[in-house]
Each structure stands twice: as C-alpha cells, then as structure tokens.
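K.L.:
here is the input, now give the coordinates:
(3 chains)
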Amino acid sequence: MSEIGDSIYGLAQKLFPICRSITGDGLRKTLRIIQEEIPSLKTFEVPSGEKVFDWEVPKEWNIKDAYIIDPQGNKIVDFSESNLHVLGYSIPVDQTIVLEELQKHLHSLPEQPNAIPYVTSYYEERWGFCLPHSQREALQPGDYQVLIDSELKAGSLTYGEVLIPGEMEEEIFLSTYICHPSMANNELSGPTVVAFLVKWLLSQKRRYSYRIVFIPETIGSLVYLSRNMEEMQKKIIAGYNVTCVGDDRAYSFLPSRQADTLADKAAKHVLKYLHPEYEEYSYLDRGSDERQYCSPGIDLPVASVMRTKYGVFPEYHTSLDNLDLITPAGLLGAYEVLQKCIEVIETNEHVKVTVLGEPQLGKRGLYPTVGTKKSSQRVRDMMNLIAYADGTRSLLEIAEKIQVPMWHLLPTVKKLKEEGLLA
Amino acid sequence: MSEIGDSIYGLAQKLFPICRSITGDGLRKTLRIIQEEIPSLKTFEVPSGEKVFDWEVPKEWNIKDAYIIDPQGNKIVDFSESNLHVLGYSIPVDQTIVLEELQKHLHSLPEQPNAIPYVTSYYEERWGFCLPHSQREALQPGDYQVLIDSELKAGSLTYGEVLIPGEMEEEIFLSTYICHPSMANNELSGPTVVAFLVKWLLSQKRRYSYRIVFIPETIGSLVYLSRNMEEMQKKIIAGYNVTCVGDDRAYSFLPSRQADTLADKAAKHVLKYLHPEYEEYSYLDRGSDERQYCSPGIDLPVASVMRTKYGVFPEYHTSLDNLDLITPAGLLGAYEVLQKCIEVIETNEHVKVTVLGEPQLGKRGLYPTVGTKKSSQRVRDMMNLIAYADGTRSLLEIAEKIQVPMWHLLPTVKKLKEEGLLA
Amino acid sequence: MSEIGDSIYGLAQKLFPICRSITGDGLRKTLRIIQEEIPSLKTFEVPSGEKVFDWEVPKEWNIKDAYIIDPQGNKIVDFSESNLHVLGYSIPVDQTIVLEELQKHLHSLPEQPNAIPYVTSYYEERWGFCLPHSQREALQPGDYQVLIDSELKAGSLTYGEVLIPGEMEEEIFLSTYICHPSMANNELSGPTVVAFLVKWLLSQKRRYSYRIVFIPETIGSLVYLSRNMEEMQKKIIAGYNVTCVGDDRAYSFLPSRQADTLADKAAKHVLKYLHPEYEEYSYLDRGSDERQYCSPGIDLPVASVMRTKYGVFPEYHTSLDNLDLITPAGLLGAYEVLQKCIEVIETNEHVKVTVLGEPQLGKRGLYPTVGTKKSSQRVRDMMNLIAYADGTRSLLEIAEKIQVPMWHLLPTVKKLKEEGLLA
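P.N.:
Just a heads-up that it's a prediction; the model follows:
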C-alpha cells in the first residue's frame, strides 16, 4: 500500500518544477502530465474576458525568464533557479534602476530571512521580485538591471474535469487546484492525491457518480461554478476541497459553511476513528475554494480534509514548502482518509429491521446459544445496530450513536440482510 | 414504613427456593404465591410452538432431580442443594462418563472460584452442570455418574397480568420477570417490589389505569407484546421495567430508547432529588425487556429504575446473588422511588395561570403583606410556578425549570386552584 | 462624555430628598422635575379603585410628618431626617404607648445595625417606624409618643409616559420606576438614566418608535399594561426594565422570561464585548417589572441590564443605598450600555449578498491587490460578513457567528451597500 504513497510523491516530483499560475502554459503542462495518469481527464479553455459572476477571466500570463543583475554584474535573483522569485502575473520589464527604486518592487519576509515568499498580483498590473530577506538586506546601492520576460495578453484559462458515472446520478465531488508554482504541500499535494483517488475510483464498483476538477483556485472555481452550478446543486451530495494533504505532521478538518452536511459528518466520523488527535477548524478559518462552493446561493456541501492546514504551517507560501516538506507517508495518509470518507458515503444507507422485537439471532447462528455473564463486543454491536435500525437513521448516524466506526458494521449489515432481517 | 421493606423481603424469601425458568411449574408456583398478595393477578398459558414475531414459544421444561456422583460414590453436585447447579433447560441424561467427557458439560468461573454460575441454553438442546471452579479443579480422573431427571416437551409458557382501571384509559405500565431460579437481586427483587407496588396502587385513587405483567424475560415480553402491542401503543404513556431493585449499594437509571419520554423525565427528576448520586446509564447499556418494549416499530416509553444494575455487581448471575445481597432497606428504597415516579406522573398536568400579570397574592393571604428585603423560598417557588404556568408546560417541566422537586409544588398548586388562579 | 454622567448624577441629587411611594404627591413632584429635562413627558392619573387585572389601584397616600418622642422627651426618630423612618403607606397615628407596644411597630436589621431598613405595607393597613437596630436596642422602657401625620384616601396613581415616533411603528420600550423614597441605586438611578436616554433619543434619527414609561413598580406596570397591552404586544420588538443602574461595582444581565428575544440577544452581545466580566442572572432571579411584562399571556420581550442587581448589593433597600453609592461613572456606564443596545437594535437588519460566489473586492479597492501570507483582520471580518450574509441571518446573528462586535461591521455594511454588493 505504501507503494501508492511513493507513486503520489513521484507525480509531485514530476510536476514540481513547472511554473504554474491561474492561467498559462504551466497549467496546461500540469494537466497534460496528470492526463498520463488519468486519460479520461478532459481539459477546457475559457477565454479571457468571459464574465463569471462578479469576476471576469483575466488575461493569460506566461513567462520565459527573469532576473536581477547587481551593480557588480552578478545575476543575483534568477527565475530559472526558482519560479517563486518572480511576483506572479508580473508585467514585462527591462530596465536599469537604482536600488531605492528597485526596493519598491521587492518582497521578502523579515521573520523568515532565508525563505523566498510567494507573492502574486493577478488583478492589478505590477511587476516585482521575491527574495530571501537576508539577501535583500545585503544589497548595495547602485544600478540594477532588471528583466522580466513575461507576456500578459488575451488568451484563456485552463482547467481539467473528470466525470465518472456510477449507478446513481447523485455525485460526490472532489476539487483541487493547480495554480501554485513550485510549492509542495500547498499545492501539489492536492492534485497528486486526487489523481490517485481518481485511479482508485475508476477501479471500484460505484453507487454514486463522481465529478472531479483540477482548476486554478478562486477564479477557477468561479468559472467552473458559473458553467455547472445548477447541475452541481442538483446532483452533489458531498464534496471535498483537497488541499494541503502532503506533510505528515497533522490531520485537519475544516467544515462546510452549513457544517453538518454529509461531507462534514463522514469526514469527522472517519477522522475521529482513524486520527482522533486531528485538528478541527471552523468555517471562519477557511481560505480555499470552499469560499466559492459554500457561498450564499451556491451552498454546496463541500468540506476540507487536510494534513497541516494552509496558513498554519510555517513554510506556507514560501520556498520552504518544497519537496522535503511532503512525504510519501503524508500523502498516503490523506489519500486513505479521503478514500475512507468516500467509502463511508458509498456504503451509507438508511436501514430498518424487518421484524418486531429483537430478531432471534441464535437460530441463525448469530448469537451465542449458551447464555453466560457476558456477550462479546461484536454481538453487542450487532444488537445495538438492530436496536437503532428504525428506518429514520442512516448507518453513519447509527455508528455515531452506538460509538463504533461505521465500517465495522458493514459485515454485520451484510449478514443481517442475507438473513432478511434488515432492509 | 420499613414494615413494607420487611414484607417485600419476606415474599422474596418465600419465592427464593423455587426452580424457575422461562417455562414450567416453577413459574406457575411463583405466580400462585404472588396471587396470595394480589388476588386479581390473572395467569395465562401460551402453548409451545406459538409464533411470536421472529420467535416461537419453546417446549416446556421441568426438572425433578439432578446430580453428579464421583468415582468414590460421593454425590458432589446436587440440584437439591442449589438449582443453579443445572444448566437451565438441560435435556435429560443418565449415564456414566469419564472426567474428560464430563468436563465438556461443566461450567464454572475461574475468576470467582467459589461461585456457582447461572447458565442456560433455551434454544439449543444441551445438558450441563454448573459448579464452583474450586470444586471443578479438585475433580479426579475416573467414572462419573450423571443424572438429570428433566423433561422438555410441548406444554406452555406461563405469565401473569394485572389490569387496574383508573379514571382514564391511558396506562402506566410495569413489567418484571420471574424466570430466574434461586437468585435474589436479579431476580426476585423485581417481582416482589412490583407485587407490593400493585397492593399500594389498589389502595390509591388513580387518574391513570395500570398494566402490570409478571413474565419470563425476552420470550415473555415478546409473547405479551405479540398479543397486546396495539393496545399498549395506544394506551401506555409511561412504563418501567423493574429489575435489580433489591440491594442497597446504588441507584441506577437506564433510559428508554427514545430517552426523553415521560417515563424517562419522571424517573430522572425523582432520582435527582431523592438520590442525586444515582448512576445514569445509556440505552447502549441495556440488557432486559426494554430490548423488546423499545425496539423499532414497538417504541414503547419504557425505562428502568434500578438499585445496582445487572452486569455491574460482581455477584450477578451467580449463586452469590442470594438473599444476603438484598435487604429490606434496599427493596424499600426502590419501591419508594418507583412510587414517587408514579406519583409524579399521576399528579403531572399542564397548568395555566388564569389572570394577566402576577395575581395579587397578598389579598388572599398567600404573600407577606409587609415588603421587606427577602421573601421566603416557599413564596419564591410559588411565584416561579406562576411565572412559568403559561399552559405550554407541564408541572414536571416547570419543576425542572424552577429547580424544585415537583412534589413540593403540589400543595401550592392545590391552593392556587382553590383561589381560581390556576387552571 | 463624562459630562453626561455628572448631569445624570445631578438629577438624582435633585430627586433624592422627595418622599415617593406608589401613589401620592412625591410621585407628582418627581415627574415634574423630570419634565424639566423632557418636556414631552405626559403624566396620567388613574383613580383609586380602578381594576387592573387581578389588582386594583390603592388609595392615595401622603405624609407630612412623623416622629417618635422618647420618655425623656427627645425626638429620637424623625421623618424629616429620613423618609425611610416611616413604614411606607403607614396609616395616621397619634398616641402615647409603652415600649413593649411600640416594639410591635418597629422594623430594624440586626445584621446591619446602623442601617434604616426600607419597609412598606401597601395592601394591609398598618403603621410603623424603621430605625437602625443599634438605636432600637438602646430604647429604655417607658412611655413613647408616636405621631404619623399621614393621609390614606381615595385619590389617584400617577405615572409618566413619553412616546417618540420613528420611521416605523415597531417600538423599543423602556420602563423605569419612581416609587422608592430616598434611595439611590434602587431607585433613582433608573429614572435618571432613562431621562437622559430619552434626551439622547430625541436628538437621533430613529428607525424605530419609542415608548418610555416612568411608573410605580408592580401596580404601575399593571396599570400601564391594563391600558396599553394590546398595542404593546403588537408594536414592541424589544424592551428593557431600567433599574439599579447607578453604582460602579458590576454589570448585570437578567433575561426576559423567553430568554432569547431581540432584547436579550442585543444586551448580551453588547455586554460580552463592552463588559465581558458581567454577571448573568436567570429569570428565576427576577424581581422587578419584568414580572408583569413577561408574565404568561403578556409575554413582552423585556430584559434588564443593570449595574449591581437589586437584592445582591448589601445596601439594598436600606438607608445605606444613598447618593454615595452611585457615581457619575456608574450611571454613565449603564447609560452607554443601554445606548449601545438601542443602537444595535436600530442598526440590526437582515443582509444578503447580491452576487453568487465571493464578490471581487479587489477591483473596488476593498481588498489588498497583492496576495501575501496574511490578510488583515478587517478584511477577514468583511469576508466573513459576506460569507454569512445569506438573507437568513441578521447582522446581530452574523456578528455573533463571526465573533466581532456588531458595531464593527457597520462601516463595512455601508461600503458594501454603496457598492451594490449587499441588500
């Protein structure tokens, strides 16, 4: 099984060097590599200028090169070494300026002097460089040559979608984002874990249908919603925004706005039993595409299961969030929790005992025929399941009530159904 | 009042030696002795083989004698010394077997080496003996003569019922079981306490009608339900399963499946004020006839008020649960709590103040006419009662709200009704 | 602003010497002085004998003089020194009696030997004197001359009312009482703080209309309700009984009977942020006119915001509750809390975001255009407001949900409305 952790990590390694943003060729390259894992992934291009609710699709951004050459002629900041060095969506520039002027275009983190910060300016035209604060402080007065060989022009926004049909029209939804440049936990962990969840789903018998999207954050979810909202509202019974699922320091849960949807209940149930020490956040701590999916009038049941949450880990949105931060075990852990959430939803159903009074389990070999002081926990669980299988409760609700992992009840449910005792 | 404790204990002493099971003459003898206390107790015979929901009434079991004679000719296990020595519902046997073979038919408790365990096999034909583990370990190899002079054949299951009419059709229900051989807390305490509650009820003015049953556990409640379910569902407003009400170590409460019925609320209110240290269990800890009464589709409001709960006290289901374990004070305590529960339900009603604003209690002599710094607690309680008597709340709910025992309010309710202030 | 505290205190000083009761000229004088602050205050006279629900308006009581002269001819208890010396509503008396007989008419507090207690007997005809316990213990046997020059006869009960129209018919209600003789926290703080709240309200643009009453406690609120109940039930959306608002030791909250009305929610929200250490009482601790306003069938949403609650502070209902106990700062604190409660209710409304998905705040200059690691708390609050502005929640509910004082949201609400983003 840990083979899967390695495979997810391998995919993250392959995708890491690409310079991604909310539009551009980095996105296309990323989706092409994911398509090698999931040939059924379809990609879509949405033209710049298209209105999406209160927003519009921005110009497409691409970049070839960028650097700063210091007064001594040394290339001191170089896009080819780290794509974080360039402020995302920087307009082109090619000039020589004094340090004082350059400073207005520099971004660094005094409290993390060795990290390159991740900074963007999608909706206000700017140019800028990001660099370690220690390096910035060493800059000497003089003339600096700055070059950003970028292009910002009408083009399109790219996203990917996989639709997997199941027995029913109702859907489980997974959303992850592919707009971050070379960072690992936030965010290559999401798309790589989701890619492998899709591979697993394709191999399974499915009750529900699945809708999985690989999009740029915010503008991408808005674009996707503007084209699919009504269908999504009709079909989606539970969804997860998959982000920050790669390190192995913590498990985290962030609820949907409604906080008590099936997605919330399943995830909390799974985490309670698999990782009882998990961190539970409030919707007030949100910060990713649930902001769109759960917004008033859209109201989709989308929660987040994470390892260490965005904004919480110190390497967040810096060059320190690199391939050393995520691990095969970390990725695998999140993969397994999401898998379990899906299994819980897939196997959840309302159950009702078919007889009045307790069924006679002894005659069916399901109950010890010698009455002694104690019955086993397994028998207790079966009796408790029967006691609450009144047709008003789902298996998940019964499992919560009788304080066992829902998946422990499944073999019993199967047996009781075979005996005609459960409907 | 402690006279009643002695009388209940005396009845338990009289019933103790009888070998009871879920069918048979032990049941009939037991009911006949209870009839001496309650002549209106009716008995019913339900033929073997009658279908009851998912079950059927088993063959009737009776036993005359049983023993083991050791290789030296000593009678080492003797039914006439303790009816627990025979596995309940043992089929007849009369043979000589070697120790190794005998062992397969022996039951003992290593962790309680001096206790004879209580073991049964109602629905799988077996024979067996139960004995102290210390005695079992001393057995020497050799030939053992075993005899069980029992009979298992078509007959009937016996139960008893008392119906006591009140002013209203609605019923309060008491159920207790009479299928355990010589054990005291579990279970002669239940039928003996109930017998004396019935005597008391017959002497009272009653608003509600009462349905009281003395039955074998599980199969008996199923039988009774199969014959009376619809009427019970229509009439019963609250019920208690009466078991383990004889020792004086603890008070315990086990809720109905719905957990918030009138039976639950009344019992918790009574215990909170009379025995605030009581143990509160969950329906997951159930183990008696509430398993049938509260099952899905039957859904009767039946809770349990106990002294030390079955399964919790160390003597449970062994020969150590004898007449030394229960006491007149223990039985009386449970009797009084159940009495109080019944009184609470009998006197509970929705009340509504008849005037707008606070009534002027001073002119009716109900309020101090000199206004000073403090009004007494009694006056506070009266004012609080009036403040919440808005017609939407019952007295029990008001008592909970204003934090006094409901029975403390009754004289005030009477006075206010006399003054025309409460309806 | 502390000028207002001084002004309120000044009004209390002016009113302090007047001998008030539930009827009589003291009431009229008090209302006349308040009219100097609020000319629009109207007064009403309700004749003795008028039926009000279960009560009737009592005879009118007035008093000119009262004293006790001891056997040595010294005037030892003198109404002109403290109007608390006379039991409220004392019938006239003029006689010489022995100490033993006098004792039956004396009231004192052994546990507070230097305080004159406040005692009344409105509905049972009596006479009496109140004095420090230390003085009472020093009384020598002998003949005492007692005089109470009072008058108890058909007259009327006086109360005051201010109605302030707003944009809407719905009303906010303030009630305070003016029936206590020379005591300060309980009760000149209430009418004086309310007088200045009325002055402030008259200077404001008001969405809601206001109904403010200055009444004798209990009988006055009953009288007012008997004449205005239906209109009040139709119009009042929130109300406060204003009492004990003058000392500076504590803030206190006592809920309405329903406990979750707008009045309750606004007051708890305000106190949580302005005075988080406030004491929260239960409706079981009530003791003022909410007893009438919240009674069954009347059910008005009236809560109490107080400084130290009646019955809780040691000086309560004694001569120690004097002008030293209340302070300009204490009065001002309560004034400001009630002001804030009113502002919260005035500005509370249901809000709904007008676009699907998050609005693009950047293009409107409401959001930082450079995406960095952290957004400010102000931006978080705006985003949280938008996230919960789904039309089902009021601003107050949203503020509670997103854990900020509601008044912090108002500038944001204004800006978002200007942008057409909020309706």
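
K.L.:
and the least confident helix or strand in chain A by mean pLDDT, what does it pack onto?
P.N.:
Using mean pLDDT, DSSP states H and E, the weakest-scoring helix or strand in chain A turns out to be helix A:377-388, at a mean of 92. Secondary-structure packing of helix A:377-388 (3 or more C-beta pairs under 8 Å, 6 or more residues apart in numbering or on different chains; DSSP states H and E): helix A:395-402, helix A:406-418. Every C-beta, even on glycine, is put in place using the N, C-alpha and C of the backbone.

K.L.:
buried stuff in that helix?
P.N.:
Residues of helix A:377-388 classed as buried by neighbour count (16 or more other C-beta atoms under 10 Å in any protein chain shown): A:380-388.

K.L.:
between those, which is nearest chain C?
P.N.:
A:Tyr388 (31.7 Å; C-beta to the nearest C-beta).

K.L.:
contact partners for the residue nearest to that closest one when sequence neighbours are not counted?
P.N.:
The shortest distance from A:Tyr388 to any non-neighbouring residue, by C-beta to C-beta, 6 or more residues apart in numbering or on different chains, is to A:Ile398 (4.6 Å). Shown in contact with A:Ile398 (C-beta atoms under 8 Å, 6 or more residues apart in numbering or on different chains): A:351, A:384-385, A:388-389, A:406, A:409.

K.L.:
also A:Ser226?
P.N.:
Counting by C-beta under 8 Å, 6+ apart, A:Ser226 has contacts A:51-53, C:356-357.

K.L.:
if you set the cut-off to 10 Å instead, what comes out?
P.N.:
Applying C-beta atoms under 10 Å, 6 or more residues apart in numbering or on different chains to A:Ser226 gives the contacts A:46, A:50-53, A:55, A:57, A:292, C:356-357.

K.L.:
kindly report the same for A:Gly239.
P.N.:
With C-beta under 10 Å, 6+ apart, A:Gly239 has these contacts: A:171-175, A:211-213, A:232, A:256, A:261-263, A:289-290, A:293-294, A:300-304.

K.L.:
mind doing that once more with 7 Å?
P.N.:
Neighbour list for A:Gly239: A:172-175, A:263, A:293, A:300-302 [criterion: C-beta atoms under 7 Å, 6 or more residues apart in numbering or on different chains].

K.L.:
out of those, who's nearest A:Glu101?
P.N.:
Closest approach between the contacts of A:Gly239 and A:Glu101, by C-beta to C-beta: A:Ser175, at 41.6 Å.

K.L.:
quick check: that closest one is in a strand.
P.N.:
Yes: assessed with DSSP: H, G, I helix; E, B strand; the rest coil, A:Ser175 lies in a strand.

K.L.:
for chain C, see how far away it is.
P.N.:
14 Å (C-beta to the nearest C-beta, to the nearest Å).

K.L.:
got the contact list for that residue?
P.N.:
A:Ser175 neighbours (C-beta under 7 Å, 6+ apart): A:213, A:215, A:221, A:239, A:241-242, A:289.

K.L.:
let's see that with 6 Å instead.
P.N.:
Listed by C-beta atoms under 6 Å, 6 or more residues apart in numbering or on different chains, the contact partners of A:Ser175 are A:213, A:241, A:289.

K.L.:
what ranges do the helices span in chain A?
P.N.:
A:2-15, A:25-37, A:99-103, A:133-137, A:189-202, A:219-235, A:262-274, A:290-293, A:328-347, A:377-388, A:395-402, A:406-418 (DSSP state H).

K.L.:
mind telling me which residue of the stretch 201-350 of chain A is nearest chain C?
P.N.:
A:Pro296 (3.6 Å).

K.L.:
so that residue touches C:Asp390, yeah?
P.N.:
Yes: counting by C-beta atoms under 6 Å, A:Pro296 does reach C:Asp390; the two are 3.6 Å apart.

K.L.:
follow-up on the earlier one: return the distance of the residue of the stretch 201-350 of chain A closest to chain C relative to C:Ile33.
P.N.:
53 Å (C-beta to C-beta, to the nearest Å).

K.L.:
tell me which of these two has more neighbours.
P.N.:
A:Pro296 (22 against 16; other C-beta atoms under 10 Å in any protein chain shown).

K.L.:
show me what contacts the most centrally placed residue in chain A?
P.N.:
In chain A, the residue lying closest to the centroid (C-alpha atoms, centre = their mean) is A:Val242, at 1.3 Å. Listed by C-beta under 6 Å, 6+ apart, the contact set of A:Val242 reads A:174, A:176, A:190, A:194.

K.L.:
just curious, which of those is nearest to chain B?
P.N.:
A:Leu174 (35.2 Å).

K.L.:
pLDDT wise, what is the closest one at?
P.N.:
At A:Leu174, the pLDDT value in this model is 98.

K.L.:
do A:Lys373 as well
P.N.:
Reported pLDDT for A:Lys373: 52.

K.L.:
near chain C, which residues of the stretch 51-200 of chain A?
P.N.:
Contact residues, the stretch 51-200 of chain A versus chain C (C-beta under 6 Å from any C-beta of the partner chain): A:53-55, A:119-121, A:123-124.

K.L.:
flag the shaky bits of the stretch 301-423 of chain A, pLDDT-wise.
P.N.:
A:369-375 (pLDDT under 70).

K.L.:
about what we covered before: got a markdown table for the contacts of A:Ser226, with distance to C:Leu325 and neighbour count too?
P.N.:
Listed next are those as a markdown table, based on distance: C-beta to C-beta, whole Å; neighbours: other C-beta atoms under 10 Å in any protein chain shown:
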| residue | distance to C:Leu325 | neighbour count |
| --- | --- | --- |
| A:Val46 | 72 | 19 |
| A:Glu50 | 70 | 14 |
| A:Lys51 | 66 | 9 |
| A:Val52 | 65 | 21 |
| A:Phe53 | 60 | 20 |
| A:Trp55 | 61 | 21 |
| A:Val57 | 69 | 24 |
| A:Gln292 | 58 | 26 |
| C:Leu356 | 58 | 18 |
| C:Gly357 | 58 | 25 |
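
K.L.:
before we move on, back to that, ok, the residue of the stretch 201-350 of chain A closest to chain C - contacts?
P.N.:
A:Pro296 neighbours (C-beta under 6 Å, 6+ apart): C:353, C:390.

K.L.:
tell me how far it lies from B:Ile298.
P.N.:
44 Å.

K.L.:
before we move on, what about A:Phe53?
P.N.:
53 Å.

K.L.:
having no further points to raise, I will conclude here.
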